[in-house]
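Visitor: dropping the sequence and predicted coords here.
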Amino acid sequence: MVTPLTQPIVFELEGFDVPPGYGAFLFFLALLHYMVMLLGNCVVLCVIVIDKNLHRPMFVMVCNLVVCDLLGATAVLPRLMIHFLTGQKKIAYIPAIAQAFSVHTYGVAAQTILGVMAYDRYIAVCEPLRYHTIMTSARLHSCCALAWFIALLLIGVLFAWHVDTPLCGNTIQHIYCSNRGILGLACSPTPINNIYGLSMSWFLSTSIFLVIAFSYCRILHASVKRGRADSTIRSKAFQTCASHLVVYVLYEISSLVVIVSQRFPSISQNIKKFFSILFTIVPPVINPIIYGLVSKELRASIIKHLTYIQVRK
């Protein structure tokens, strides 16, 4: 009979198999990625907060997405850098739960925020005359709060099973802590948690996809209909929605690569582990670039503030 572990529990992450002499190089590579991610997201966040002309629903939602990206990347990359630099694979129980909770919250919140953004774009394009009446400041903040509340509630329920679950091992077969990784060490099967996790993931992903698909079908229909009279209307509508759609597709592709890579035994474990963190490291770096390139207002505001800083120097 396997004896349950007693507190305090210290987990050991399997991590990457780093060849001798490559630890420092991988550390600086991860550090560079993290710094670029922080710089891009913090610039977008600060410019939107400072520039009152950007205090509009679309950019407020972009701020929420930026915070979500910072949460996901910060939950994984700093500890990964420690692993590369020192070879340290141990993590205490509370930090392990915090990391797993943050990663899962990031994954759910990214989807709920993108769903709210799709609703906002639908109202902006299909109901332009009533947009400011519908998307009031109170409704905007309620929608953003609801997106975060849903994410925290769903993940909170998921992690409620960790409280009284006895663990009989301490080696997590992953490079970061996750719900599946921790409960994989449970002394007995946890079918309820597995069923809830799969059901929640399927229901949430399907719901957000349907919301976005419905919104963009209506947007496409309205744009084509109005564009017959004025091509500028159609062009502006497509430009307004382009960044959101690209970001959503980016999240979905990152998730798909993670899922597909696990189905091929011929792929090396290190590559599979690298693919498994794409979802938390790729979108946070690329999203600020996407919004900066597509949104003329945001791009102009960033250039204006950077120019101002240069002149002051």
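Guide: All right, it came through fine.
Visitor: please enumerate the strands of the chain.
Guide: For the chain, strands defined by DSSP state E occupy the ranges 10-13, 90-92, 171-172.
Visitor: tell me which of those strands sits nearest to Met61.
Guide: Minimum separation from Met61 across these (CB to CB) falls at strand 90-92, 33.2 Å. (Glycine included, C-beta is placed from N, CA and C.)
Visitor: strands paired with that closest one, and their directions?
Guide: strand 10-13 (antiparallel) (DSSP bridges).
Visitor: mind listing what's buried in the partner strand?
Guide: Buried residues in strand 10-13, counted by 16 or more other CB atoms under 10 Å: Phe11, Leu13.
Visitor: export the strands of the chain to TSV and append columns for mean pLDDT and distance to Val285.
Guide: Listed next are those as TSV, based on pLDDT from 0 to 100; distance: least, CB to CB, whole Å:
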stretch	mean pLDDT	distance to Val285
strand 10-13	86	23
strand 90-92	88	24
strand 171-172	85	26
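Visitor: can you add distance to Thr74 and give the ones you listed back as TSV?
Guide: As requested, the strands of the chain are exported to TSV (distance: least, CB to CB, whole Å):
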stretch	distance to Thr74
strand 10-13	17
strand 90-92	15
strand 171-172	19
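Visitor: quick one, which of those is nearest to Val47?
Guide: Across these, Val47 has its closest neighbour in strand 90-92 (35.4 Å, CB to CB).
Visitor: what residues of that closest one count as buried?
Guide: For strand 90-92, the neighbour count (16+ other CB under 10 Å) marks Ile91 as buried.
Visitor: show residues contacting it.
Guide: Residues outside strand 90-92 that contact it (CB atoms under 8 Å, 6 or more residues apart in numbering): Pro8, Ile9, Val10, Phe11, Glu12, Leu13, Arg79, Gln99, Cys177.
Visitor: which of those sit farthest apart?
Guide: Across those, the longest distance by CB to CB is 18.0 Å; it joins Pro8 and Arg79.
Visitor: who has more neighbours out of the two?
Guide: Neighbours per residue (other CB atoms under 10 Å) separate Pro8 from Arg79, with Arg79 holding more: 21 against 8.
Visitor: I figured that one hits Ala100, correct?
Guide: No: the criterion here is CB atoms under 8 Å, and Arg79 misses it with Ala100 at 11.6 Å.
Visitor: now do the shared contacts for these two.
Guide: Tyr176.
Visitor: any chance you could map the helices in the stretch 1-150 of the chain?
Guide: 23-50, 57-86, 93-126, 131-134, 137-160 (DSSP state H, counting those that start in this stretch).
Visitor: list just the nearest of the contacts of strand 90-92 to Trp202.
Guide: Sorting those by distance to Trp202 puts Cys177 at the head of the list, at 22.8 Å, by CB to CB.
Visitor: if I read this right, that closest one contacts Tyr93, doesn't it?
Guide: No: Cys177 is not in contact with Tyr93 according to CB under 8 Å; the separation is 9.7 Å.
Visitor: give me the more crowded residue out of the two.
Guide: It is Cys177, of Cys177 and Tyr93, that has more neighbours when counted by other CB under 10 Å, with 26 against 18.
Visitor: now do the contacts for that one.
Guide: Cys177 makes contact with Phe11, Leu13, Ile91, Ala96, Ile97, Gln99, Ala100, Val103, according to CB under 8 Å, 6+ apart.
Visitor: and it, how far from Val260?
Guide: Noted for Cys177: a distance of 23 Å to Val260, by CB to CB, to the nearest Å.
Visitor: quick one: low-confidence parts of the stretch 51-200 of the chain?
Guide: The stretch 51-200 of the chain contains no residues with pLDDT under 70.
Visitor: if we go to 90?
Guide: For the stretch 51-200 of the chain, applying pLDDT under 90 flags the ranges 51-59, 83-94, 118, 120-132, 134-137, 158-200.
Visitor: elements contacting the longest helix anywhere in the chain?
Guide: Secondary structure assigned by DSSP state H gives helix 191-227 as the longest helix of the chain. If you count contacts as 3 or more CB pairs under 8 Å, 6 or more residues apart in numbering; DSSP states H and E, helix 191-227 packs onto helix 93-126, helix 137-160, helix 179-183, helix 231-261.
Visitor: out of those, which gets nearest to Thr206?
Guide: Closest approach to Thr206 among the helices and strands packed on helix 191-227 (CB to CB): helix 93-126, 10.5 Å.
Visitor: picking up where we left off before, which neighbours do Cys177 and Tyr93 have in common?
Guide: Common neighbours of Cys177 and Tyr93, using CB under 8 Å, 6+ apart, are Phe11.
Visitor: now do stretch 136-144: everything it contacts.
Guide: For stretch 136-144, contacts defined as CB under 8 Å, 6+ apart pick out Pro57, Val60, Met61, Asn64, Ile113, Val116, Tyr119, Asp120.
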